[in-house]
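S.K.: Provided below are the primary sequence and the corresponding predicted coordinates.
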Amino acid sequence: MQKIRLTKTTLKQQRDDLRRYERYLPTLRIKKQQLQREIERAQSELHRVRQQSDTLLGVMDEWVELLAEDVGLGGLLQLERVEVSWDNVAGVDVPVFVKAHTRIGHYDLFSTPPWVDHALAAVQKVVELSSHQEVLKEQQRRLQRELRTTAQRVNVFERIKIPEAQANIHRISVHLGDQQTAAFGWALLAKRKAAVAAAAGGSHDD
């Protein structure tokens with residue numbers, strides 16, 4: 001425990017610190033709970049989007065042989081950018097998926113197989129779902145990082161700061177109480193000595 005001065009000034013400081021810690025701790029606990037709920041929400045959303053992607057990929061398995069045809073499908077679709085908005089969740093800025101902007105290159109409708117249109121639409125949806133997943137993963141990373149920091153602060157307040165301040169207050173209070181008792185005892189002893197001396201002086205005068 002850090003060495004402290006056993007004075008009234010330090011006692012007031014420790015009491016002020018304790019009040020501040022006890023006022024701030026509930027706010028930290030609420031923030032921790034909010035972050036935990038948001039992480040669960042992001043995990044649930046990520047699971048939902050993954051299921052959609054898996055279902056779509058399962059359907060596309062039927063086209064695997066067709067996709068193997070050399071029609072240049074891989075070069076027709078390009079992801080240009082992922083559009084996100086930003087939201088503040090429990091004091092954390094997190095990205096929110098808006099749209100995956102893709103570009104489909106020009107191709108001859110007459111020289112390409114008729115299934116290419118459907119395949120491109122499906123691949124476009126897969127790219128969108130994949131982009132959505134990456135944004136949700138980034139949400140989780142940011143929220144989990146803030147949760148670790150907040151949980152550490154809660155632990156510091158609960159296990160260190162508050163118990164330490166309480167112990168210091170008790171220690172200083174006991175010390176000051178002992179000093180006050182000792183001072184009262186010395187004052188009483190001095191008063192008795194003065195009374196004895198006065199009585200002795202009066203007897204000598206007689």
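M.R.: Nice, thanks for sending it over.

S.K.: what about Leu79, neighbour count?
M.R.: Leu79: 14 surrounding residues under other CB atoms under 10 Å. Heads up, the C-betas are built off the backbone N, CA and C, glycines and all.

S.K.: The helix or strand hosting it packs against which elements?
M.R.: If you go by DSSP states H and E, Leu79 is part of strand 77-89. Packed against strand 77-89, as judged by 3 or more CB pairs under 8 Å, 6 or more residues apart in numbering; DSSP states H and E, are the following elements: helix 8-60, strand 92-104, helix 115-156.

S.K.: Mean neighbour count added to these, as TSV?
M.R.: Shown next, in TSV, are the helices and strands packed on strand 77-89 (neighbours: other CB atoms under 10 Å):
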stretch	mean neighbour count
helix 8-60	15
strand 92-104	16
helix 115-156	17
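
S.K.: just to revisit the earlier point, name the residues of the strand holding Leu79 that come out as buried.
M.R.: Using 16 or more other CB atoms under 10 Å as the test for burial, strand 77-89 gives 77, 82, 84, 89.

S.K.: Of all the helices and strands packed on strand 77-89, which one is nearest Gln179?
M.R.: Evaluated over the helices and strands packed on strand 77-89, closeness to Gln179 peaks at helix 8-60, with 10.1 Å, by CB to CB.

S.K.: Quick one: distance of that closest one to the chain centre.
M.R.: Remark: helix 8-60 is offset 5 Å from the chain centroid, using CA atoms, centre = their mean, to the nearest Å.

S.K.: tell me the angle that helix makes with helix 115-156.
M.R.: Here helix 8-60 runs at an angle of 160 degrees relative to helix 115-156 (axes from the mean of the first three to the mean of the last three CA atoms, to 10 degrees).

S.K.: any chance of the buried residues of strand 77-89 in a markdown table, with pLDDT and distance to Gln13 too?
M.R.: Formatted as a markdown table, these follow (pLDDT from 0 to 100; distance: CB to CB, whole Å):
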| residue | pLDDT | distance to Gln13 |
| --- | --- | --- |
| Leu77 | 77 | 66 |
| Val82 | 96 | 52 |
| Val84 | 96 | 47 |
| Val89 | 89 | 36 |
